[in-house]
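> Task: produce atomic coordinates for the following.
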Amino acid sequence: MRLLARLSRRSVTAAAVGALLCGALLDTPLTAPAAAAPATAAGPTVTLPPAGGHGFPFLAAAEDLGSFGYTESEYFISGTATSYAKSGLWTSDGRWNVRASGTAAYKSRLLVRRPTDPAQFNGTVVVEWLNVSGQLEISPDYWFQRDELLRRGYAWVGVSAQAVGVNGGLGEIKGLRGWDPARYGSLVHPGDAFAYDIFSQAGRALRTPNGPDPLGGLPVRTLLADGESQSAGFMTTYVNAVQPVAGVYDGFMVHSNSAVAAPISGVLADTLLMPNPSRIRTDLGVPTFVVLTETDVPGAAAARQPDTDSVVHWELAGTAHGDQWVFDLGGPTVRKSAGPAAPSPDCAAGSAPFNDGPGHWAMNAALRTLAGWARGGPRPPSGRPLSTVLRDPATGLATGGIRLPDVTVPTRTLSGSRDTTGSGVFCGLYGARDPWNDDGDAWDRHDDGDPSDPSFPATAEPVLSRLYPTHADYVDKVRAAARTSVDAGYLLPEDATAIVAAAQDSAIGG
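Residues are numbered from 1 along each chain as shown. From the prediction side, this is the model:
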């Protein structure tokens, strides 16, 4: 991803840095003979993996899923995948036609988390395109949305869609095949030109399995596709070019994409041939929800488009591409599999703490709203555009956008950017926070974001005791802000309760 795929500096090359801007490293050109026309995604064969040397799947959850009433399992899918090529002129409106370009054999995997009790399943399966920007597979949106997924009975499936995840790349973990040859040595990935159809076939395997059922007999009502960061770039191309051909998914979550979509060819250099900007097509019969953090807006704003009955955008104030929530929740899982080879954000000593803003609260609401929307319910509410240039001079917070209680009743400066002097390439994706206190210190530009950004004020930061004269005053303001966000459709009632409870337990005010 550009996100929590935290690649160490020693394995970063100029090509990897470029990949952060437009997708993961794509390594295999098309070699199969051309075909006449795209075919409907075929149903793959589903099999069980061998135990392997580690005895658990790569990216197996570090937390006890059983305590949430969930079980985790892994399945292989195999078959023949189709690659696609452009048909006709592709423009920024996203109405992209494709033709079949080739076929190749493949064998990949699904990582499945589902309710143990079938009665707890809510009918919705979230299928995440696993992110490989850090040269190993991670599941950023599972971590962003984890509370909503587990408390409401969704099933979640991570798909090893891309070649780097299976075959390995520049990192120390040489893909699934290198990590555990006994378990994954039979996997075959012919290259990212075929990733789109592999992702389609993953969805087909969940609806109509040919072999063991990855969902254990759970009846699928709604199938949602999800991708964050570089995976969102692939998701944009999937929505625009492949969904009209395959028709597999009922809705799409495009989280933290950039203005240019991933190339349909699977060749990194072909990003230069993609429409710039790459907007979401508005003529699909299924919905697409685009969610951007404050970190993403500068690189994605060129692709802004009006909301429609099938496309809605949220831009989240005070949030970051990766944040403290995702770092804390996902880190143990990555380390469980990667051990000492697990990459880190590599931020310079003494630099700002990570953004701990409301990104996960917003993603919970986005997921529930998308699930209902895909079943014919109301579309999500629109949100105002976010400005990362015009910041509130009193608080240093971005203006505009969707503003949850962390932003409307602030106790710290939350930024989507940070000073990355002396840091690794992924550090800046975690944003920054600067807690306030009662001494009214001047803004420390080193802590509050990019020190070269003139939009950061050089004035004294707010004094908490002046903002909130009493603890009760602070709690009342948080409660009112949470209620407003719930009423607007940007926050779930359960999360509003948790936010108010945290305010009550704090020492803020007076």
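> Could you check how far residue 141 is from residue 154?
12 Å (CB to CB, to the nearest Å). Quick note: C-beta positions are derived from backbone N, CA and C, even for glycine.
> Identify the contacts common to the two.
residue 126 (CB atoms under 8 Å, 6 or more residues apart in numbering).
> Those two - which one has more neighbours?
residue 141 (32 against 25; other CB atoms under 10 Å).
> What is the neighbour count of the closest residue in space to the more buried one that isn't next to it in sequence?
Distances taken as CB to CB, 6 or more residues apart in numbering put residue 228 closest to residue 141, at 4.6 Å, once the chain neighbours are dropped. Residue 228: 34 surrounding residues under other CB under 10 Å.
> In this protein, which residue is most central in space?
residue 228 (2.4 Å; CA atoms, centre = their mean).
> what is that residue paired to in the beta sheet?
Beta-bridge partners for residue 228, by DSSP bridges, are residue 255.
> Do I have it right that it meets residue 256?
Yes: applying CB atoms under 8 Å, one finds residue 228 in contact with residue 256, separated by 5.4 Å.
> how many neighbours does residue 435 have?
12.
> no no, residue 349
Neighbours of residue 349 (other CB under 10 Å): 6.
> Return the distance of it relative to residue 434.
Residue 349 sits 17 Å away from residue 434, taking CB to CB as the criterion.
> quick one, strands of the stretch 51-200 of the chain?
Per DSSP state E, counting those that start in this stretch, the stretch 51-200 of the chain carries strands over the ranges 70-87, 97-115, 124-129, 155-159.
> Tell me which of those lies nearest to residue 274.
With CB to CB, the closest approach to residue 274 among these belongs to strand 70-87: 9.6 Å.
> What strands line up against the closest one, and which way round?
strand 45-47 (antiparallel), strand 97-115 (antiparallel).
> From the chain's centroid, how far away is it?
Distance, stretch centre to chain centre, for strand 70-87: 19 Å (CA atoms, centre = their mean, to the nearest Å).
> what is the mean pLDDT for that strand?
Strand 70-87 shows a mean pLDDT of 98.
> Go through that strand and flag the buried ones.
70, 72-86 (16 or more other CB atoms under 10 Å).
> picking up where we left off before, can you list the strands paired with strand 70-87 in JSON lines and add distance to residue 308, mean pLDDT and mean neighbour count?
As requested, the strands paired with strand 70-87 are exported to JSON lines (distance: least, CB to CB, whole Å; pLDDT from 0 to 100; neighbours: other CB atoms under 10 Å):
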{"stretch": "strand 45-47", "distance to residue 308": "36", "mean pLDDT": "98", "mean neighbour count": "17"}
{"stretch": "strand 97-115", "distance to residue 308": "20", "mean pLDDT": "98", "mean neighbour count": "21"}
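> does residue 313 belong to a helix or a strand, and which?
According to DSSP states H and E, residue 313 maps onto strand 311-316.
> After that strand, which helix or strand is next?
Taking DSSP H and E, what comes next after strand 311-316 is helix 324-338.
> So which bits of that next one are buried?
Buried residues in helix 324-338 (16+ other CB under 10 Å): 324, 325, 326, 327, 329, 330, 331, 333, 334, 336, 337, 338.
> Hmm, residue 173 and the last one touching each other?
Yes: using CB under 8 Å, residue 338 is in contact with residue 173, at 5.6 Å.
> Please enumerate the shared neighbours of the two.
The contact sets of residue 338 and residue 173 overlap at residue 136 (CB under 8 Å, 6+ apart).
> Give me the neighbour count for residue 54.
By other CB under 10 Å, the residues close to residue 54 number 15.
> Please look at it and residue 183 and confirm they touch.
Yes: Residue 54 lies in contact with residue 183 (CB under 8 Å); the separation is 7.0 Å.
> thinking residue 188 is in contact with residue 81, fair?
No: using CB under 8 Å, residue 188 makes no contact with residue 81, being 10.0 Å away.
> Mutual contacts of those two, please.
Common contacts of residue 188 and residue 81, defined by CB under 8 Å, 6+ apart, comprise 105, 106.
> if I look at residue 502, how far off is residue 510?
Residue 502 sits 17 Å away from residue 510, going by CB to CB.
> sorry, that was for residue 261
Applying CB to CB, the value for residue 261 to residue 510 is 51 Å.
> Looking at those two, which is more packed in?
The neighbour count for residue 261 versus residue 510, taken as other CB under 10 Å, is higher for residue 261 (32 against 12).
> what's across from residue 223 in the sheet?
With DSSP bridges as the criterion, residue 223 is bridged to residue 125.
> hang on, it packs against residue 204?
No: using CB under 8 Å, residue 223 makes no contact with residue 204, being 9.6 Å away.
> Can you get me the start-to-end distance on stretch 235-251?
11 Å (CA to CA, to the nearest Å).
> Would you indicate which residues of that stretch are buried?
Of all the residues in stretch 235-251, those buried under the rule 16+ other CB under 10 Å are 235-246, 248-251.
> What about those, which are in strands?
Among the buried residues of stretch 235-251, the members falling in strands (DSSP state E) are residue 251.
> about what we covered before: and the residue nearest to the centre of the chain, how far is that from residue 321?
Look at residue 228 and residue 321: by CB to CB, they are 9 Å apart.
> how does this protein divide up, domain by domain?
Following automatic domain parsing, one gets these domains for the chain: 9-343+352-374, 386-505.
> how far does the last one stretch from start to finish?
Domain 386-505 has its terminal residues 31 Å apart, counting by CA to CA.
> Does anything pack onto the helix with the most length in the chain? Which helices or strands?
Looking across the chain with DSSP state H, the single longest helix is helix 471-488. Judged by 3 or more CB pairs under 8 Å, 6 or more residues apart in numbering; DSSP states H and E, helix 471-488 is in contact with helix 405-408, helix 493-505.
> Buried residues in the longest one, which are they?
Meaning helix 493-505. Applying 16+ other CB under 10 Å to helix 493-505 flags 495, 496, 499, 500, 503 as buried.
> Ok, stretch 295-314 next?
Of the residues in stretch 295-314, 295-301, 303, 305, 307, 310-314 count as buried by neighbour count, 16+ other CB under 10 Å.
> swap in stretch 173-180?
Within stretch 173-180, the residues that qualify as buried are 173, 174, 175, 176, 177, 179, 180, counting by 16+ other CB under 10 Å.
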